[in-house]
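>>> Build me a structure from this.
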Amino acid sequence: MGLKFDFNNMYSFSVGEHGVSQQDIEEVIADAVKAAAHLKKIIADPSARVRLNLEWVKLPEQSKEDITGIQKIARQISKKYENVLFLGIGGSYLGLKAAQDALCAPYYNEFKSLRKKLPRIYLEGNNLDPDTLVALLKNLNPKKTFVVVISKSGETTETKVAFILVEAWLKKGAGVKYGRQILAITDPKSGSLRKKVELEQKNDPLSFQSLPLLKGVGGRYSEFNMGLLHLAIVGVNISELFSGAKDMLTRCSREDVLKNPAYMYALLHTILYRKKAKSLAILMPFSQTLKSTADWYVQLLAESIGKKYHRKIETGKDGLENWLVDKANLCNRGRTPISAAGTNDLHSIQQNNVEGENNKVVTFIRVEKFRTELIVPAKFDFLSGKSFSALMQLAQEATEWALVSENRPNCTVIMPKVDAYNWGALLFFFEMATAFEGELQNVNAFDQPGVEGYKNYMYYKLGKPGISQAVAEGIKNKPLIKDSKYIL
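Coordinates of the predicted model:
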């Protein structure tokens, strides 16, 4: 049995007026059916998938030859190097971190016996804090370190500057053939990083290996593309991962919205957001290994659904859809995601969940079977003889009860165990749910124009060539006000 979605606690029969009623469902089901049909139509059209950035749906169907090629590169890296340093931000960091924590042994980097002769993995290029990168490079041996840089364009500031420094560090420490210790995962045809790959390979064909970021796959939906080399290096069974994702795709392709787990997840949350003012979305896995997966989901939901304008769909003479930003239709829409972890955060955020403003929905991830087990020794205590896994599951059940008793809506994704198959299914479940939520909210769930604001400001201040006059004027006409009277 695979993943299950328990949504009993989302309904009014569990949490009263703060839950979804049958009437609420009846009022929106017609629109939900139309949304499902629209999404199905796009997914069925290869050109539409690529053009509208839904090609991620087909990632679990990548050819065995492509996967074998990636696994071959991974074996070569693992055999020769003690450390692999991945540089990336957004999905290129969060997806890798989620996979590392979920599918590798806890404390993987710290103990050889856990790594099983595989390299240590380090993730950087996701921030501009100099302390972390300096500490890492001071303590790694460049001759024993392989570097993977992940960037579609090569221009994202955080990853770009980290790579500039790491490349110089490698060149100094590993010698003139340092480029043979670098692999770029980037756009197959364009961008500054692709140009660098092509230039370096002209000088040395064995330098700067590369793998493609596939067209029509956005960063936050790309773990099954850009994350495959990482998964192969740490020994994850990619076939099992894809099997879980494909099985979830089958379940999430059901036309009956009320029988489709991902669509029901999106539908119930959308009703609670729009009719009951539940604007906060807390994802709380009851497994420490899934906390980074919750962090990954924060990006997925926030960038996909948090939009200023509605989507405007135009259909050309050729019948092809084009999604535009409808600047005449301001919406400022989107639930705010928050990651948490049980049982850690039962002693912090749970206080607010239970007694604070009733403006949130908690999603639990419940793990049915852990990899290992611990039993509390018998010492005539009420905890004696209890297993840690049973205590964890009881704590999750108790947290449900505490929320329901205060009429706080919540739901649970039940995960048989944390392995490649079920983790692949879990990610695909949330991706499909988010895509459908975009349809229900009528926003483009596959762009992120709001992210460009801080980038443009930085580029303008740094004097980057090519800044448009409109962007430059917008920054000049809206300066930050820093009155010393309001700085204490």
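>>> Let's verify the nearest residue to Leu324 once chain neighbours are set aside: helix, strand, or coil?
With CB to CB, 6 or more residues apart in numbering as the criterion, Leu324 has its nearest non-adjacent residue at 4.4 Å, and that residue is Lys312. Heads up, the C-betas are built off the backbone N, CA and C, glycines and all. With DSSP: H, G, I helix; E, B strand; the rest coil as the basis, Lys312 sits in strand.
>>> Could you report the neighbour count for Lys312?
Residues near Lys312, counting by other CB atoms under 10 Å, number 15.
>>> what is the rounded mean pLDDT of stretch 337-348?
Stretch 337-348 comes out with an average pLDDT of 96.
>>> same deal with stretch 318-330?
pLDDT averaged over stretch 318-330 gives 92.
>>> returning to what we had before: and the residue nearest to Leu324, what does it touch?
Residues near Lys312 by CB atoms under 8 Å, 6 or more residues apart in numbering: 323-326, 329.
>>> got it, and Arg51?
216, 320.
>>> Which one of the contacts of Lys312 sits in the busiest neighbourhood?
The most neighbours of any of those, using other CB under 10 Å, belong to Trp323, which has 18 neighbours.
>>> wait, is it part of a strand?
Yes: per three-state DSSP, Trp323 lies within a strand segment.
>>> so it touches Leu52, yeah?
Yes: Trp323 is in contact with Leu52 according to CB atoms under 8 Å; the separation is 6.1 Å.
>>> Report how many residues lie close to Gln288.
By other CB under 10 Å, 14 other residues sit near Gln288.
>>> Could you say which helix or strand holds the closest residue to it other than its chain neighbours?
Closest residue to Gln288 apart from its sequence neighbours, by CB to CB, 6+ apart: Ala341 at 6.3 Å. Using DSSP states H and E, no element contains Ala341; it sits outside every helix and strand.
>>> Quick check: Ala341 vs Leu94, distance?
From Ala341 across to Leu94, the span is 15 Å (CB to CB, to the nearest Å).
>>> Please say which of the two ends up with more neighbours.
Neighbour comparison, Ala341 and Leu94: the larger count goes to Leu94, with 25 against 22 (by other CB under 10 Å).
>>> what are the phi and psi angles of the more buried one?
phi -70, psi -40 (degrees, to the nearest 10).
>>> Secondary structure class of the residue located most distally from the centre of the chain, three-state.
What lies farthest from the middle of the chain is Phe380; by CA atoms, centre = their mean that is 44.9 Å. Look at Phe380: counting by three-state DSSP, its state is coil.
>>> Ok, Val176 next?
Following three-state DSSP, Val176 is assigned to coil.
>>> got it, and Leu267?
Under three-state DSSP, Leu267 falls in the helix class.
>>> hang on, isn't it packed against Leu440?
Yes: under the criterion of CB under 8 Å, Leu267 makes contact with Leu440 at 6.7 Å.
>>> Common neighbours of the two, please.
Common contacts of Leu267 and Leu440, defined by CB under 8 Å, 6+ apart, comprise 28, 32.
>>> Those two: which is more packed in?
Of the pair Leu267 and Leu440, Leu267 is the one with more neighbours under other CB under 10 Å, namely 28 against 24.
>>> Please name the residues that touch the more buried one.
25, 28, 32, 257, 436, 440.
>>> Now do the last one against Ser21, distance only.
For Leu440, the distance to Ser21 under the criterion CB to CB works out to 18 Å.
>>> Okay, and the nearest residue to Thr293 once chain neighbours are set aside sits in which element?
Spatial nearest neighbour of Thr293, excluding adjacent residues (CB to CB, 6+ apart): Ala98 at 4.3 Å. Ala98 belongs to helix 91-103 when elements are defined using DSSP H and E.
>>> quick one: contacts of the following helix or strand past that helix?
Downstream of helix 91-103, the first helix or strand assigned by DSSP H and E is helix 112-115. Helix 112-115 has contacts (CB under 8 Å, 6+ apart) with 104-109.
>>> Who wins on neighbours among these?
Neighbour-wise, the contacts of helix 112-115 (other CB under 10 Å) top out at Cys104, 19 neighbours.
>>> residue contacts, that residue?
For Cys104, the contact set (CB under 8 Å, 6+ apart) comprises 114, 121, 234.
>>> Next, count neighbours for the last one.
When neighbours are counted by other CB under 10 Å, Val234 registers 23.
>>> separation between it and Lys417?
In this view, Val234 and Lys417 are 18 Å apart by CB to CB.
>>> Likewise for the second one?
Applying CB to CB, the value for Ile121 to Lys417 is 22 Å.
>>> In terms of neighbours, single out the busier of those two.
Using other CB under 10 Å, the more surrounded residue of Ile121 and Lys417 is Ile121, with 21 against 13.
>>> Gln100 is in contact with Tyr108, isn't it?
Yes: with contact defined as CB under 8 Å, Gln100 counts as touching Tyr108 (7.0 Å).
>>> Need the residues touching each of these two.
Jointly contacting Gln100 and Tyr108 under the rule CB under 8 Å, 6+ apart are 121, 234.
>>> quick one: contacts for the one residue sitting closest to the centre of the chain?
With distances taken as CA atoms, centre = their mean, the residue of the chain nearest its centroid is Trp296 (3.3 Å). Contact partners of Trp296, counting by CB under 8 Å, 6+ apart, are 91, 94-95, 97-98, 220, 223, 427.
>>> Turn those residues into a markdown table, including distance to Asp187.
As requested, the contacts of Trp296 are exported to a markdown table (distance: CB to CB, whole Å):
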| residue | distance to Asp187 |
| --- | --- |
| Gly91 | 15 |
| Leu94 | 20 |
| Gly95 | 17 |
| Lys97 | 23 |
| Ala98 | 23 |
| Arg220 | 17 |
| Glu223 | 17 |
| Leu427 | 23 |
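>>> from the residues you listed, which is closest to Lys40?
Minimum separation from Lys40 among those (CB to CB) is found for Leu427, which lies at 20.4 Å.
>>> measure the residue nearest to that closest one when sequence neighbours are not counted to Ala35 for me?
Excluding its sequence neighbours, the residue lying closest to Leu427 (CB to CB, 6+ apart) is Glu223, at 6.2 Å. Counting by CB to CB, the gap from Glu223 to Ala35 is 25 Å.
>>> Contact partners for the nearest residue to Gln350 once chain neighbours are set aside?
Leaving out its chain neighbours, the residue that sits closest to Gln350 by CB to CB, 6+ apart is Thr399, at 6.7 Å. For Thr399, the contact set (CB under 8 Å, 6+ apart) comprises 284, 342, 346, 350, 362, 364.
>>> again, but for Phe364
Counted by CB under 8 Å, 6+ apart, Phe364 has contacts 284-286, 342, 396, 399-400, 410-413.
>>> Looks like Glu368 contacts Ile414 (just checking).
Yes: checked against CB under 8 Å, the pair Glu368 and Ile414 is within contact range at 6.5 Å.
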